[in-house]
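S.K.: no sequence for this one, just the structure:
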């Protein structure tokens, strides 16, 4: 199952129509340069992400980990398709 950190913005009908007209005329929307990320913030977030799961597993008791696993299995297999 893919992990998504954010949801894609939905385009309304007017924006979609405007985009299709521009594409049919050969015009394109000028692309915005990506916002630069703060390297210190990126390193700090990665550091916490790398140690988070292991630290949580050490903190939880075996009984609590089993409860969490059972709840996850029920959620995973209890879905109606």
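M.R.: That came through, no problem. Note that the structure is a prediction, hence the values are computed from the model and not measured.
S.K.: now the host helix or strand of residue 49: how far from the chain's centre is it?
M.R.: Here residue 49, judged by DSSP states H and E, is contained in helix 39-59. A distance of 17 Å separates the centroid of the chain from that of helix 39-59, by C-alpha atoms, centre = their mean, to the nearest Å.
S.K.: Run the chain-centre distance for whatever helix or strand comes next after that helix.
M.R.: Elements were assigned by DSSP H and E; along the chain past helix 39-59, the next helix or strand is helix 62-77. Relative to the mean C-alpha coordinate of its chain, helix 62-77 is positioned 22 Å out (C-alpha atoms, centre = their mean).
S.K.: hang on, the earlier thing: next, the angle from the helix holding residue 49 to helix 62-77.
M.R.: Compare the direction of helix 39-59 with that of helix 62-77 by axes from the mean of the first three to the mean of the last three C-alpha atoms, to 10 degrees and you get 110 degrees.
S.K.: quick one: contacts of helix 39-59?
M.R.: Contacts of helix 39-59 from elsewhere in the structure, counted by C-beta atoms under 8 Å, 6 or more residues apart in numbering, are residue 65. Bear in mind the C-beta positions are built from the backbone N, C-alpha and C, glycine included.
S.K.: From residue 43, how far out is the residue lying farthest from the centre of the chain?
M.R.: The outermost residue of the chain relative to its centre, with distances by C-alpha atoms, centre = their mean, is residue 25 at 34.4 Å. Remark: distance between residue 25 and residue 43 (C-beta to C-beta, to the nearest Å) = 45 Å.
S.K.: For this protein, which residues score under the pLDDT cut-off?
M.R.: Within the chain, the stretches falling below the threshold (pLDDT under 70) are 1-9, 29-31, 81.
S.K.: could you redo the last one with a cut-off of 50?
M.R.: With pLDDT under 50 as the threshold, the chain has no low-confidence stretch at all.
S.K.: Now do the buried residues in the strand or helix carrying residue 20.
M.R.: Taking DSSP H and E as the criterion, the element that holds residue 20 is helix 13-24. Residues of helix 13-24 classed as buried: none (neighbour count, 16 or more other C-beta atoms under 10 Å).
S.K.: from the middle of its chain, how far away would that helix be?
M.R.: Here helix 13-24 shows a centroid-to-chain-centroid distance of 27 Å under the convention C-alpha atoms, centre = their mean.
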